[in-house]
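Chemist: Kindly return the folded structure for what I paste below:
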Amino acid sequence: MPHIWIEYSANLRPELNVGSLMKTIQNVAIDDGSVFPLAGARTRAIRIDDYLIADGHPDNAFVHVTLKIGHGREETVKKQAGERIFAALQRALAPIMASRPLGITMQIEEADPILSYKNSNYRTYLKARAEYK
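Modeler: Residues are numbered from 1 along each chain as shown. Model (predicted):
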């Protein structure tokens with residue numbers, strides 16, 4: 001983990017480079033791999049077509065990021081990672097926020113230590129790709 005969910009209001013689509021935002025947030029989350037491993041990263045973006053924001057004005061927009069992380073990291077580590085990621089999110093969205101009403105939110109959810117199940121072979125493939133270079 002982290003599993004990163006980026007939800008955004010559909011009215012942002014003309015202005016928002018979703019692929020770039022996904023890469024930015026994932027790269028910042030992974031950073032040097034000391035907090036979140038690359039092999040655990042899963043980032044997806046979901047356009048929300050039906051929404052009501054504040055007074056319902058059609059210019060109102062939002063981006064909400066949820067980081068779902070594995071259990072066991074210290075609070076200070078989670079807080080520092082959250083602050084680093086949220087700062088990058090705000091920087092990436094600053095041009096849009098300068099031109100329209102925009103709400104930017106993020107939360108971190110920690111997986112249950114017992115009821116979280118995982119299986120992947122990404123590390124094997126990442127290692128092979130690195131050796132191939």
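Chemist: What does Ala54 show for phi and psi?
Modeler: When read as degrees, to the nearest 10, the backbone of Ala54 gives phi 50, psi -120.
Chemist: Contact partners for the closest residue to it other than its chain neighbours?
Modeler: Excluding the flanking residues, the one nearest Ala54 by C-beta to C-beta, 6 or more residues apart in numbering is Asn60, at 5.5 Å. (Glycine included, C-beta is placed from N, CA and C.) With contact taken as C-beta atoms under 8 Å, 6 or more residues apart in numbering, Asn60 is in contact with Ser9, Asn11, Ile53, Ala54, Pro101, Leu102, Gly103.
Chemist: Report the separation between Lys118 and His57.
Modeler: To His57, Lys118 is 42 Å away according to C-beta to C-beta, to the nearest Å.
Chemist: ok so, going back, quick check, nearest of the contacts of Asn60 to Arg91?
Modeler: Comparing the contacts of Asn60 against Arg91 with C-beta to C-beta picks out Leu102 as the nearest, at 13.4 Å.
Chemist: Helices along this structure, start to end?
Modeler: Assigned by DSSP state H, the chain shows helices spanning 18-30, 75-97, 122-132.
Chemist: Redo those as a markdown table? Include mean pLDDT and distance to Trp5.
Modeler: Written out in a markdown table, the entries for the helices of the chain read as follows (pLDDT from 0 to 100; distance: least, C-beta to C-beta, whole Å):
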| stretch | mean pLDDT | distance to Trp5 |
| --- | --- | --- |
| helix 18-30 | 97 | 10 |
| helix 75-97 | 97 | 13 |
| helix 122-132 | 88 | 19 |
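Chemist: right, and the ones you listed - which one's nearest Met1?
Modeler: Closest approach to Met1 among those is made by helix 18-30 (9.7 Å; C-beta to C-beta).
Chemist: the inter-axis angle of that closest one versus helix 75-97?
Modeler: With axes from the mean of the first three to the mean of the last three C-alpha atoms, to 10 degrees as the basis, helix 18-30 and helix 75-97 are set at 160 degrees to each other.
Chemist: what does helix 18-30 contact?
Modeler: The list of residues contacting helix 18-30 from outside it, by C-beta under 8 Å, 6+ apart, reads 2, 4, 6, 8, 35-38, 41, 43-45, 47, 63, 65, 67, 81, 84-85, 88-89, 92-93.
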